[in-house]
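> Build me a model:
(chains A and B)
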Amino acid sequence: MSDSTLFEKVWADHVVVDETPDTPAVLYIDLHIIHEVTTPQAFAVLRESGLAVRRPDLTLPTMDHSTPTTPVSNFRDLAVVGESAANQIRQMEQNCREFGLDLIGFGNEFRGIVHVIGPELGATQPGKTIVCGDSHSSTHGAFGALAFGIGTTEVAHVLATQCLLQRKPKTLAVNIDGKMPVGVSAKDLILSVIGSIGVDGGTGHVIEYRGDAITALDMESRMTICNMTIEAGARAGMIAPDDTTFEYLSGRPRSPQGADWDAAVTRWKKLRSDDRARFDRSVTLAADALQPMVTFGTNPGMVIGINDPVPQGGDDPSFRKALAYMQVESGKPMTELQVDVVFVGSCTNGRLSDIEEVARILQGHKVADGVRMLVVPGSQQVKNQAEEKGLDRIIVAAGAEWRETGCSMCIGMNGDTVPQGKLSVSTSNRNFEGRQGIGARTVLASPATAAASAIRGRIADPRTIT
Amino acid sequence: MKSVRHMKSRTVVLPTNDIDTDQIIPARFLTTTSREGLGECAFYDLRYNTDGSENPDFPLNKSEARGCGILVAGNNFGCGSSREHAPWALLDYGFQAIVSTEIADIFRNNALKNGLLPIIVDKAIHRWLLDNPGVPVEIDVASASLTVPDGRIVEFPIDAFAKYCLVEGIDQLGFLRQQLDQIEKFEETRAWKP
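Alright, predicted model coming up:
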């Protein structure tokens, strides 16, 4: 195996039954993260068929999507928005009790967004196969895991058998050479990649991110990159594990300990694409040319440099429809637009380093009049760590809201929404029509750009704030 | 799963590219714990104005679109989230097949597992279908072919196992559970334990 890609190594290590022209491979899953939104119908299938959860020890349940983020001093005070969401949360608690699963629920110090807590707990590890009924499962690929989103039928498959039926995807190498300029973040990088290959550029492929600019990134930045892989159509994105990865995982609650740790690191060090490995496709981008990026349309591939004009786009009706929805004009830069809401959070940019960056920019400034700014930590751990550093006080002093953890305004299921027609600068991952609320106009950006825009009240280049 | 072998229906056309799963079913409807009755939520924010009235310009609301079971959509249909509520909603609304030049991976998997047929055609056939809304189209799953009214028969790609499951109405969980001996053996003999 001296010519295998990282993906091929992890795939081969988990094939229970080989694929044939007539049947897909049976692929073993090492970690199954579940949440309240995409599992009730799967538990119903188990119940109807009289099946148990086969490996509760490999199942990590939490609640994040429909949970409120309103600040509370005690989780007993938490008022869930809507009877339907409240019912979904009760069902998750009931399903976990009935099937013997250890739910990371309200009040648990490790509760948070599925893709934030997996790494935080050390449950996300190199070489694992990881799935969740959530498309941003690609996040965990930052550790050299093969991680992808699945539907609810497949959630039932994994609960019942710990396996999935899968066809082997193709491979796409995304090489990022050079050094990222100051003031440019991982979010800007991945938005550039999506803009470059398109929202369907990765369909049918697993992406491996490679090159100097990738290996120079810390783990939280690597997670931001892999997280948005699905926005380029690829179900999984991977980065080879290295000392940065091992250092991050060392000493975490579910990381291997003692002799097991040493054995794991020895195994993990082999998880890299061989020099002679061949990818089905390959693209290269230069990191040196990157700048802060903002989306102008209604998918993450409609993205430009912050000072660039909105492109002409010809007479493509889909393009025209997107511009009309966003109320933006070709030829004008996004920096002229007035901002109504700023959202910092999500599995893309809701980690400690993101909140540190926001606090650094907000320090000594005020959120502009008429702008509502929410800062939603990606997990209870992120919240606690940020508060220990006093970041919450800087955020609140600037006039922003410091909230409880959850998916919040990224998906707008829990009552946190952007009002009709209002413009939101958001550190989340999707600017689809209506994603943050009916008629909401979403501009995706980095935490730095979001903070700068909150201060100016217009979309702003973070490099201009001092 | 019910077997899906043959369908014949008129088409309705949504020519927009990159129709994502948030448009197919907005996230606020995902607090349901059932898979039933989601047809009401399909394309909700496109079908209805904010005052609750029907949007008369939306193709699905045209009188000639009622009862059409085949949706011809722009490129890269179903991109975005993994919500299986998207195919559940489309099926419950009355669609049996989606035709496009590209269909996103997770949506395609979810659709196949529920008997909603994702069909990829080339640009020329796609263009013709976009330009001729409402034509009757015939789809045969076993031969993986689509017949348009001018007599052209085009084959579409479909995974052999997915096709077998559709035609025979096979439940994939049942198939997977038949592999449990192999799964146990894998767990016992693998070099490291998760």
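
> Tell me how many other residues crowd A:Val193.
27 (other C-beta atoms under 10 Å in any protein chain shown). Where C-beta positions appear, they are placed from N, C-alpha and C, glycine not excepted.

> per-residue pLDDT, it?
The score at A:Val193 is 98. That number is its pLDDT.

> Which stretches in chain B count as strands?
Secondary structure of chain B, counting by DSSP state E: strands at B:6-14, B:70-73, B:97-100, B:117-120, B:136-140, B:145-147, B:153-155.

> between the ones you listed, which one is nearest to A:Phe43?
Nearest to A:Phe43 among the strands of chain B is strand B:117-120; the distance by C-beta to C-beta comes to 26.5 Å.

> From the opening residue of stretch B:102-119 to its closing one, how far?
In stretch B:102-119, first residue to last residue: 8 Å (C-alpha to C-alpha, to the nearest Å).

> Would you mind finding the longest helix in chain A?
In chain A, ranked by residue count with DSSP state H as the criterion, the top helix is helix A:83-98.

> Mind checking what helix or strand follows the strand or helix carrying A:Pro119 in sequence?
Assignment of secondary structure by DSSP states H and E places A:Pro119 within helix A:114-121. Scanning forward in sequence from helix A:114-121 by DSSP H and E, the next helix or strand is strand A:129-132.

> quick one: contacts of that next one?
For strand A:129-132, contacts defined as C-beta atoms under 8 Å, 6 or more residues apart in numbering or on different chains pick out A:10, A:14, A:27-35, A:114-115, A:118, A:124, A:137, A:140, A:145-150, A:154, A:158, A:164.

> Neighbouring strands - and their directions - for it?
Next to strand A:129-132 in the sheet, as set by DSSP bridges, lie strand A:31-34 (parallel), strand A:146-149 (parallel).

> Check whether stretch A:253-270 comes near chain B.
Yes. Judged by C-beta under 8 Å from any C-beta of the partner chain, stretch A:253-270 comes into contact with chain B through A:263-264, A:267.

> Selecting buried members of these in ChimeraX, what would you type?
Selecting only the buried entries of those in ChimeraX, with 16 or more other C-beta atoms under 10 Å in any protein chain shown as the criterion:
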select /A:264,267
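
> Contacts only, for A:Ala147.
Contacts for A:Ala147 (C-beta under 8 Å, 6+ apart) come out as A:124, A:128-132, A:137-141, A:226, A:236.

> Just put the residues you listed in CSV and tack on pLDDT, neighbour count and distance to A:Asp218.
Shown next, in CSV, are the contacts of A:Ala147 (pLDDT from 0 to 100; neighbours: other C-beta atoms under 10 Å in any protein chain shown; distance: C-beta to C-beta, whole Å):
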residue, pLDDT, neighbour count, distance to A:Asp218
A:Thr124, 98, 31, 15
A:Lys128, 98, 23, 20
A:Thr129, 98, 26, 24
A:Ile130, 98, 28, 20
A:Val131, 98, 28, 25
A:Cys132, 98, 28, 23
A:Ser137, 98, 30, 21
A:Ser138, 98, 34, 18
A:Thr139, 98, 33, 14
A:His140, 98, 33, 16
A:Gly141, 98, 32, 16
A:Cys226, 98, 28, 13
A:Ala236, 98, 28, 21
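
> I'd like to know how far A:Val418 sits from chain B.
13 Å (C-beta to the nearest C-beta, to the nearest Å).

> tell me the contacts of that residue?
A:Val418 touches A:340-341, A:343, A:409, A:412, A:424, A:436-437, A:440-442, counting by C-beta under 8 Å, 6+ apart.

> If we ignore the residues flanking it in sequence, what's nearest it?
Spatial nearest neighbour of A:Val418, excluding adjacent residues (C-beta to C-beta, 6 or more residues apart in numbering or on different chains): A:Ala440 at 3.6 Å.

> Break chain A down into its domains, please.
A:6-166, A:170-241+A:266-288, A:293-460 (automatic domain parsing).

> Of all the ones you listed, which one comes closest to B:Leu38?
Minimum separation from B:Leu38 across those (C-beta to C-beta) falls at domain A:6-166, 10.8 Å.

> That closest one spans what distance, first to last residue?
18 Å.

> Likewise for stretch B:104-124?
Counting by C-alpha to C-alpha, you get 20 Å between the two ends of stretch B:104-124.

> Show me which residues of it are buried.
B:104-121.

> Also stretch A:417-433?
Across stretch A:417-433, burial judged by 16+ other C-beta under 10 Å covers A:417-418, A:422-433.

> Tabulate the residues you listed in TSV, adding columns for pLDDT.
Below are those laid out as TSV (pLDDT from 0 to 100):
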residue	pLDDT
A:Thr417	96
A:Val418	97
A:Lys422	98
A:Leu423	98
A:Ser424	98
A:Val425	98
A:Ser426	98
A:Thr427	98
A:Ser428	98
A:Asn429	98
A:Arg430	98
A:Asn431	98
A:Phe432	98
A:Glu433	97
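
> ok, of those, which one's closest to chain B?
Relative to chain B, the closest of those is A:Phe432; by C-beta to the nearest C-beta it sits at 4.3 Å.

> Dump the strands of chain B to CSV, plus mean pLDDT.
Shown next, in CSV, are the strands of chain B (pLDDT from 0 to 100):
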stretch, mean pLDDT
strand B:6-14, 97
strand B:70-73, 98
strand B:97-100, 98
strand B:117-120, 98
strand B:136-140, 97
strand B:145-147, 97
strand B:153-155, 96
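
> Now tabulate these in TSV and tack on distance to B:Glu84.
Shown next, in TSV, are those (distance: least, C-beta to C-beta, whole Å):
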stretch	distance to B:Glu84
strand B:6-14	20
strand B:70-73	17
strand B:97-100	14
strand B:117-120	13
strand B:136-140	22
strand B:145-147	25
strand B:153-155	27
